[in-house]
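Asker: this is the structure alone, sequence omitted:
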């Protein structure tokens, strides 16, 4: 350490470093953000088909572990931590929802959150309920655009050698839930807060918002001093984070099913790098004893789970709550699975059904065996696997809630394909060795998918829905324009098509598409893509995806019958095995 100090001092004497460069060097820091949002009072693990993740007791354990590993860390929440309201999937009645909200807030207090933004859902039970309960904690509540006791516009935390300003923003829904509350226009409130924070020496500013990303983007475009935005709205289908010119946008996981962590590398008060991670709050994580001491065993029957038994919650939500278990009704499940489908794995769906009907007894028959063929013909189905519950399912207490996912077929209740998923299409002509790929060039892993799969010579289908002159894509006009150019390149320059796609997928947000069209006539591609020719080509390209109702990629159709998807790019060897099968 002494040698480093002497070396730097000598460098200053001989003019090798300026004071400015030394200051920037000295300010290289690492700050870890641990964050949640949109938890909606979810106290227990979710009742999910595959990953029953979440729960405040597991989350507390993970937060404690992360704090030890990353001592320079902040634990933050972007709002909507109270239960009740339209987005609360565990809602029962006002009294139980209020009690669940109290316990969730107490649990967050035990986890020692550094700051929590106030959202409209914190007013689900009225202003007085909010004031009463936040006054009982030592937590920091922030909202720059509300004027309420015990809620500050921002706080400042000294950490990792930085003065970090944390601002809260409340969305417009609060005006409907708390009539007469003083609500300041968000951008004005943030401008004022940022000015004050800068005057107090804040070197990094974090915005905890629940406005939604479109509104957040408008704010940070005009206020570049904001370095980080955490907003839990509209996470579904989006990546863990996004970058703008001046800020990083972080997206918490729904209901706290995963705990999010962002490690920020900071140079000269600017974020140089960011590493974001979704951490499963799984059953492998032990429950925190402190949280368990305040957590009732159950709030509803769904919280009472034992394999093969039916649970009932008594004295829900109270200190005397408890689960009582009884023998489950035996229900027969017949699974019809195709023999030749390497991707048809019914295990996840069966696990899901066992959670709904604990007394499930499973039997399999395989298509095209005679019994399976007869069932397929009698039930007039066009895809597999089939999941057929016996008529006795109607006697189970969970049947009424689950009935919307079932369709009565003869002597069975069939799980609807939109719930179970499709792995194999019946009645489609067998085309051995044919491979179709359905993909959006805007998918995170599109570049890697295209590079791995091109040697298998697939037919590529872009993901767009076309009705008349209207082109609908998940990423709006930018994706529609990109798709139109791609199909025109495919028509006029088929030899360069895959190279063009890979080049564009690698840097899809760049508007300089011409850089990927080396040796091509730009005017011809523009004329095609902007006219009726491009529309006709794209409609033909997307027709199979629309016929099969494929909405997300990458999705693969093998032999014109077997369909499967992947998270990101499939390893080349795995893809080879599927094609060989």
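Answerer: Arrived safely. None of these values were measured; they are calculated from a predicted model.

Asker: next, the contact list for residue 89, please.
Answerer: Listed by C-beta atoms under 8 Å, 6 or more residues apart in numbering, the contact partners of residue 89 are 40, 42, 255. C-beta here means a position set from N, CA and C on the backbone, and glycine is covered the same way.

Asker: residue 115 and residue 152 touch, don't they?
Answerer: No: the criterion here is C-beta atoms under 8 Å, and residue 115 misses it with residue 152 at 9.1 Å.

Asker: more neighbours: which of these two?
Answerer: residue 115 (25 against 16; other C-beta atoms under 10 Å).

Asker: tell me the phi and psi of that one?
Answerer: phi -160, psi 140 (degrees, to the nearest 10).

Asker: per-residue confidence for it?
Answerer: Turning to residue 115, the model gives it a pLDDT of 98.

Asker: can you name the residues bridging to it?
Answerer: residue 76 (DSSP bridges).

Asker: and if you look at residue 183?
Answerer: For residue 183, the beta-bridge partners are residue 146 (DSSP bridges).

Asker: one step back: and which of the contacts of residue 89 is nearest to residue 350?
Answerer: Using C-beta to C-beta, residue 255 is the member of the contacts of residue 89 that lies nearest residue 350, at 24.1 Å.

Asker: check contacts around the closest one.
Answerer: By C-beta under 8 Å, 6+ apart, the neighbours of residue 255 are 38, 39, 40, 42, 46, 54, 89.

Asker: follow-up on the earlier one: what is the nearest of the contacts of residue 89 to residue 94?
Answerer: Closest to residue 94, out of all of the contacts of residue 89 and judged by C-beta to C-beta, is residue 40, at 14.9 Å.

Asker: tally of neighbours for the closest one?
Answerer: Based on other C-beta under 10 Å, the number of other residues close to residue 40 is 27.

Asker: next one, pLDDT for the residue lying closest to residue 432 once chain neighbours are set aside please.
Answerer: Closest residue in space to residue 432, ignoring its immediate chain neighbours: residue 559 at 5.6 Å, by C-beta to C-beta, 6 or more residues apart in numbering. With respect to pLDDT, residue 559 has a value of 93.

Asker: now the one 4 residues further on
Answerer: The model reports residue 563 with a pLDDT of 93.

Asker: bridged to it, which residues?
Answerer: What pairs with residue 563, by the bridge criterion (DSSP bridges), is residue 557.

Asker: gap between it and residue 423?
Answerer: 6 Å (C-beta to C-beta, to the nearest Å).

Asker: anything in contact with each of the two?
Answerer: By C-beta under 8 Å, 6+ apart, the residues touching both residue 563 and residue 423 are residue 343.

Asker: quick one: least confident of the contacts of residue 89?
Answerer: residue 255 (91).

Asker: without its sequence neighbours, what residue ends up closest to that one?
Answerer: Nearest non-adjacent residue to residue 255, counting by C-beta to C-beta, 6+ apart: residue 42, 4.1 Å away.

Asker: tell me the contacts of the one you found?
Answerer: Residues near residue 42 by C-beta under 8 Å, 6+ apart: 54, 55, 56, 83, 89, 90, 104, 255, 256, 257.

Asker: could you redo the last one with a cut-off of 7 Å?
Answerer: Going by C-beta atoms under 7 Å, 6 or more residues apart in numbering, residue 42 touches 54, 90, 255, 256.

Asker: out of the contacts of residue 255, which comes closest to residue 513?
Answerer: Residue 513 has its nearest neighbour among the contacts of residue 255 in residue 38, at 36.2 Å by C-beta to C-beta.
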